[in-house]
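Engineer: predicted coordinates and the sequence they were generated for:
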Number of protein chains: 2
Amino acid sequence: MTICNHEEEHLQAAERAKRSMPKEEDVMRVAASFKAISEPCRLKILFALRHGEMCVLHIVGAVGGTQSAVSHQLRILKANGVVKSRREGQNILYSLDDEHILAVLELACAHLHCHI
Amino acid sequence: MTICNHEEEHLQAAERAKRSMPKEEDVMRVAASFKAISEPCRLKILFALRHGEMCVLHIVGAVGGTQSAVSHQLRILKANGVVKSRREGQNILYSLDDEHILAVLELACAHLHCHI
DNA sequence: TCAATATATGAATAACTGTTCATATATTAC
DNA sequence: GTAATATATGAACAGTTATTCATATATTGA
């Protein structure tokens, strides 16, 4: 299985691509982040949190599903640095981790031509 | 299970979140797009294609793995609008679908503080 | 301390997904 | 037409993941 003989241009691109491939660890981290925001329930949570920080039951009300399921998903989002949380009395308030998250959401929606 | 009594601010955020939740179909499409770019092998393909369009065997050389596995992954990326392709003789050249894809990659890497 | 509320978590099951292997299709050169 | 190269695909298996149910932890107010 030999590499095909393309124009010089394409070969250069292939070599450059191989040399500049991020190291395995970084690829895994980026992949994990995208996986975290790739499930409908978790994505709804992010759409909800666009409007500010919210406690768990408010999130449950906004996205639907059970409290347990939402809580499991929140843990995954938090473990992957997508959301952060702080306690306030009995409640734990969740919010988007930083401005990158919202930007990624908006880019994805722009790409798919869906108005959110 | 009643909704807790937060400050007016939080209740408003929750209601606004519910009202402005994108419709199920759009959530599913966005989720599918993120899922498409959430696997290490597929992500490596995107990192490779940053440098321009490449044929399948060049991609295989750049990211590793078998031709079959890469081809399967390319199909998923294409089906989700992440990459596009065009035939040129025996080869099929793949490239990132549009500028949004690269922007999302860069945002994710910035968020994770990894320099690519 | 006790009851009520809010949130988290462990285990189990069902569904999904990536890879491999074998093979099929398509294009080019002879 | 035939051989060689490039790419795609179907089936099967292994590994992963989301949900549910039951229960645990933590905070508040009495």
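Structural biologist: Looks like it arrived, so ask away.

Engineer: show me the contacts for the most centrally placed residue in chain A.
Structural biologist: Among the residues of chain A, residue A:37 comes closest to the average C-alpha position under CA atoms, centre = their mean, at 3.5 Å. In this structure, residue A:37 makes contact with A:43, A:46, A:77, A:82, A:101, A:104-105, B:31, B:34, judged by CB atoms under 8 Å, 6 or more residues apart in numbering or on different chains. For glycine as for every other residue, the C-beta is placed from the backbone atoms N, C-alpha and C.

Engineer: give me that answer again for 7 Å
Structural biologist: A:43, A:46, A:82, B:34 (CB atoms under 7 Å, 6 or more residues apart in numbering or on different chains).

Engineer: and DNA strand D, which of these contact it?
Structural biologist: Near DNA strand D, judged by CB under 7 Å from any atom of the strand, there are no entries from the contacts of residue A:37.

Engineer: low pLDDT regions in chain A?
Structural biologist: Along chain A, segments meeting pLDDT under 70 span A:1-10.

Engineer: now do the strands in it.
Structural biologist: Along chain A, counting by DSSP state E, strands occupy A:54-55, A:83-88, A:91-96.

Engineer: looking at those, which is nearest to residue B:14?
Structural biologist: Taking CB to CB, strand A:54-55 is the member of those nearest to residue B:14, at 5.6 Å.

Engineer: hmm, that closest one touching chain B?
Structural biologist: Yes: residues of strand A:54-55 contacting chain B under CB under 7 Å from any CB of the partner chain: A:54-55.

Engineer: give the other helices and strands that that strand contacts.
Structural biologist: strand A:91-96, helix B:8-19 (3 or more CB pairs under 7 Å, 6 or more residues apart in numbering or on different chains; DSSP states H and E).

Engineer: does any part of it sit near DNA strand D?
Structural biologist: No: looking at strand A:54-55 against DNA strand D by CB under 7 Å from any atom of the strand, there are no contacts, and the closest approach is 12.4 Å.

Engineer: how far does that strand sit from its chain's centre?
Structural biologist: Going by CA atoms, centre = their mean, to the nearest Å, the spacing between the C-alpha centre of strand A:54-55 and its chain's C-alpha centre is 19 Å.

Engineer: partner strands of it, with direction?
Structural biologist: strand A:91-96 (antiparallel) (DSSP bridges).

Engineer: hmm, the partner strand in reach of DNA strand D?
Structural biologist: No: contact of strand A:91-96 with DNA strand D (CB under 7 Å from any atom of the strand) is absent, the minimum separation being 8.6 Å.

Engineer: and the angle from that strand to strand A:83-88?
Structural biologist: Orientation of strand A:91-96 against strand A:83-88 (axes from the mean of the first three to the mean of the last three CA atoms, to 10 degrees) gives an angle of 150 degrees.
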